[in-house]
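S.K.: got a predicted structure plus its sequence, pasted below:
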Amino acid sequence: MRIAPLTGLRGIAAIAVLLYHIPHSPAFAEWGMLLFSRAYLAVDLFFILSGFVISIGYYERVVKRPSWASYGDFLLNRLARVWPLHFVVALVFGARILLNVSGEQPVALTPANIATNLLMIQSWGWGTQALAGNSWSVSTELVAYLAYPLVAVIAFSRLAWLQAIGSVGLLILVATLGHGAQGPLDVNDADSILPVLRCLAGFALGVIAYRLTQGARCERVLGGEHGFIGSCVLIAAALLIPRGDVAVALCFVPLVLACYYNGRTARALLANPVAFHLGLISYSIYLWHPLVRDVFARAMGIAHRHGVVGFDWLFVLALLVATWLICWASYLLIEVPGHRAIKKLERRVMPRPPLPFRQAAE
C-alpha cells in the first residue's frame, strides 16, 4: 500500500538533502541557502519514515505471524529495494576513486572498504568508509531491518513507552557527544557506532508512530488539516531552537502521522504529481547527487579558467536538471529491474510465506 503524501514527503526530504549538499563543493559555496542549512536532519526523517512505512507493509506478516520464512521474505524484499542501486553506485564511485577523477580522493580502495561496501555493511562502526558518502545511512538501515521484528514486538507491547524513552535517549546521546559535523545530530563518522544508534533511534520512533495509528485518539489529534499544519508549525518552531536537532527530529513523528491520515493540505502539497514523482526517485536522488554536483563543479571550474564567467546560475540549473534526469533513469533502469530480478530469484529458490487470512481473502 502506497500512501501518496508519505511518498511525496520522502521526495521533499531528498531534495532538501540535495540543496544542503550543493554548497559543500567550494565551487558552489555561494549558493548555500539558510532554509536548508540544517537539512542533514532530513536523514532522521528518512529513518522515521522507514520504520513507519515498513510497519505498514510488514507488521502483520513478520510480527503477528512470525516465522523464519516471513522474516527471510521481509529481508529479501528490503534488500531487493535498496541493494541493487547501492551496488551500482558503489561500483561507479569505486571507479571514480580508481581513476582519480577529482584529483583528491578521501576514500582508499582497500580490500576492507571494497568488501564492506559491496555487502552494504560499511558504516557499522568498524572503521571502513563508504565509497559513496551518502550510502552510510543505507548501511545503517540494514541494521534496522535485521532488528525489525524485535523493535516491532517491543513497540506493540507494554514496554513501548520504554522503547520511546530509549530512542529519545539515543538521539540525545548522539547529539551531545560532539561528533556532529554541521550540527549536533549530523553524525556519520566511519569509526563510530553512533550513526547506527542514530538510525535505530529514528527507526524505532517510526515503528512506535505506526502503533499510535491503531488508536482513534491519534487520528483525532493529527488527522485533518490541523494535524498537518500544526506539525509543520512545530518543526518550524523547533528549527529556531539553537542546537535543537533532537527537538526537530521528534517533531518529524507527528508530521509523518499527519501525512498518513492523508488530509487535503497534505495531499495538495505532497501528493501532487511533482512531489510524488520526486518521492519515487528519492533514493536515486539521495545516492547520485554528490557525484553529479562534483561533475558540474569541475565543468564550471574549467569554464572559469577559459574566461567564461557570469553564468554560474546556469551551471546550478543544469546540475538540478541533470540530477533529475539521471535519477529518473536510475529508478527505471536500476531500481525497478533490480527489485524485480531479486524477487524473481526468490520465487525460484523459496516459496512465498502465506499472507494473513484477511489479505489472502482480498
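M.R.: Yep, it's here.
S.K.: only C-alpha atoms for contact and neighbour calcs from this point on.
M.R.: Fine.
S.K.: helix, strand or coil: sort out residue 175 for me.
M.R.: helix (DSSP: H, G, I helix; E, B strand; the rest coil).
S.K.: I'd like to know how far it sits from residue 201.
M.R.: Separation of residue 175 from residue 201 (CA to CA, to the nearest Å) stands at 12 Å.
S.K.: which one of those two has more residues nearby?
M.R.: The neighbour comparison of residue 175 against residue 201 (other CA atoms under 10 Å) goes to residue 201, with 27 against 22.
S.K.: now do the buried residues in stretch 106-122.
M.R.: Neighbour counts over stretch 106-122 (16 or more other CA atoms under 10 Å) mark 107-109, 113-114, 116-118, 120-122 as buried.
S.K.: which one of the residues you listed is nearest to residue 144?
M.R.: Closest approach to residue 144 among the buried residues of stretch 106-122 (CA to CA): residue 121, at 11.9 Å.
S.K.: can you show me the helices along the stretch 51-200 of the chain?
M.R.: 68-99, 111-119, 135-155, 160-176, 194-212 (DSSP state H, counting those that start in this stretch).
S.K.: repeat for the stretch 201-350 of the chain
M.R.: 216-222, 224-239, 245-260, 264-270, 273-280, 282-305, 312-330, 336-349.
S.K.: what about the third one, average pLDDT?
M.R.: Right, the one you point to is helix 245-260. Averaged over helix 245-260, pLDDT sits at 97.
S.K.: how about residues contacting that helix?
M.R.: 3, 5-6, 41, 44-45, 48-49, 168, 171-172, 175, 183-185, 202, 205-206, 209-210, 213, 222-224, 227-228, 231-232, 234-235, 238-239, 266 (CA atoms under 8 Å, 6 or more residues apart in numbering).
S.K.: give the buried subset of the residues you listed as a ChimeraX selection command.
M.R.: Remark: buried members of the contacts of helix 245-260, expressed as a ChimeraX selection using 16+ other CA under 10 Å:
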select :3,5,6,41,44,45,48,49,168,171,172,175,183,184,185,202,205,206,209,210,222,223,224,227,228,231,232,234,235,238,239,266
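S.K.: sorry, back to before: got the helices of the stretch 51-200 of the chain as JSON lines, with mean pLDDT and distance to residue 324 columns?
M.R.: Below are the helices of the stretch 51-200 of the chain laid out as JSON lines (pLDDT from 0 to 100; distance: least, CA to CA, whole Å):
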{"stretch": "helix 68-99", "mean pLDDT": "92", "distance to residue 324": "16"}
{"stretch": "helix 111-119", "mean pLDDT": "94", "distance to residue 324": "25"}
{"stretch": "helix 135-155", "mean pLDDT": "96", "distance to residue 324": "19"}
{"stretch": "helix 160-176", "mean pLDDT": "97", "distance to residue 324": "32"}
{"stretch": "helix 194-212", "mean pLDDT": "97", "distance to residue 324": "27"}
